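Novice: the following comprises the amino acid sequence and a computationally predicted model.
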Amino acid sequence: MSSYHEMPIPKSGSQVVVAFVFTTIGINFTLLGMVNLISGEALIASTIWLAFVTVIVWTGSQAEGGVWRFLISLVGELFGKRFAEWNPAEEQPRGIRFGFQLGSHRFVERYIFVDGIQLVEWCTGQATDRMGRDMNDWCIFVWFSRDLPARPLETKKLYRNPHQGLIAVGPSASKVRTEALGQSLVSFIPSAGADLVQGDSSTCFVRASSEKGMTN
């Protein structure tokens with residue numbers, strides 16, 4: 001039996017369906033484009049499409065750290081079971097792993113040190129900002145320090161502080177669903193050793209030692 005403490009991370013069924021449809025269409029048209037190039041038909045359209053796909057794969061590969069990791073991440077997004085986990089037997093500084101499981105194989109996408117976690121919050125996304133009303137696009141973010149011991153969270157603007165990072169946890173969803181997942185996460189993270197307390201709102205939890213002095 002695994003000694004890891006694990007928290008399941010749900011996925012959005014609608015987002016998975018959309019991703020599956022677009023991936024299927026993309027693969028089919030890519031194969032068709034390759035066949036067209038070999039047979040000498042629709043050369044311009046096929047070349048443009050293959051160039052477009054190449055740019056998407058290259059961009060994704062740069063973000064994921066390689067073509068293989070990009071493809072694994074894509075398959076995991078479609079078919080994997082997402083999780084967060086930490087190992088009580090791990091030597092300090094302990095970390096939390098975010099990844100997904102495919103069959104019996106587990107893939108870790110992100111690893112952050114528990115001592116580096118600064119803040120957990122959930123808030124609306126860009127759709128709500130544009131429309132001026134709640135568009136059920138709430139997201140959960142974990143802010144962390146790249147340095148240990150953790151620096152206080154001075155700003156939530158990454159370009160102003162290269163020592164900070166953040167990850168999104170879970171799908172974009174309604175406030176009720178996001179809040180339920182957020183509450184589970186702020187219970188899970190302290191079990192790994194991070195002392196979180198409620199910040200200036202019920203949707204924000206900060207590290208106890210970092211509560212003072214945080215600015216937006």
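Specialist: Nice, I can see it.
Novice: following element in sequence after the longest helix along the chain, please.
Specialist: When the chain is parsed with DSSP state H, its longest helix is helix 13-39. Using DSSP states H and E, the helix or strand that directly follows helix 13-39 along the chain is helix 43-64.
Novice: which helices and strands does whatever helix or strand comes next after that following helix pack with?
Specialist: Next helix or strand after helix 43-64 toward the C-terminus (DSSP H and E): helix 67-79. Using 3 or more CB pairs under 8 Å, 6 or more residues apart in numbering; DSSP states H and E as the contact test, the elements touching helix 67-79 are helix 13-39, helix 43-64, strand 95-102, strand 105-113. Bear in mind the C-beta positions are built from the backbone N, C-alpha and C, glycine included.
Novice: give me the distance from the longest helix of the chain to the chain's centre.
Specialist: Computed by CA atoms, centre = their mean, to the nearest Å, the chain-centroid distance of helix 13-39 equals 24 Å.
Novice: can you check stretch 65-76 too?
Specialist: Offset of stretch 65-76 from its chain centre (CA atoms, centre = their mean): 14 Å.
Novice: quick check: pLDDT value at the residue sitting nearest the centre point of the chain.
Specialist: Closest residue to the average C-alpha location of the chain: Ala168 at 4.1 Å, with CA atoms, centre = their mean. Note on Ala168: pLDDT of 93.
Novice: Tyr159 now?
Specialist: On pLDDT, Tyr159 comes in at 71.
Novice: can I assume it sits in a strand?
Specialist: No: Tyr159 is assigned helix when assessed by DSSP: H, G, I helix; E, B strand; the rest coil, not a strand.
Novice: next, count neighbours for it.
Specialist: For Tyr159, the count of nearby residues is 7 (other CB atoms under 10 Å).
Novice: can you check Ser61 too?
Specialist: Using other CB under 10 Å, Ser61 is surrounded by 16 other residues.
Novice: ok, now the one 5 residues further on?
Specialist: A count of nearby residues for Gly66, using other CB under 10 Å, gives 10.
Novice: likewise for Trp138?
Specialist: Close neighbours of Trp138, defined as other CB under 10 Å, add up to 24.
Novice: measure how the longest helix of the chain sits relative to helix 43-64, angle-wise.
Specialist: 130 degrees (axes from the mean of the first three to the mean of the last three CA atoms, to 10 degrees).
Novice: in the helix or strand of the chain with the lowest mean pLDDT, what counts as buried?
Specialist: Least confident helix or strand of the chain, by mean pLDDT, DSSP states H and E, is helix 67-79 with a mean of 86. In terms of neighbour count (16 or more other CB atoms under 10 Å), helix 67-79 has its buried residues at Phe70, Ile72, Ser73, Leu74, Gly76, Glu77.
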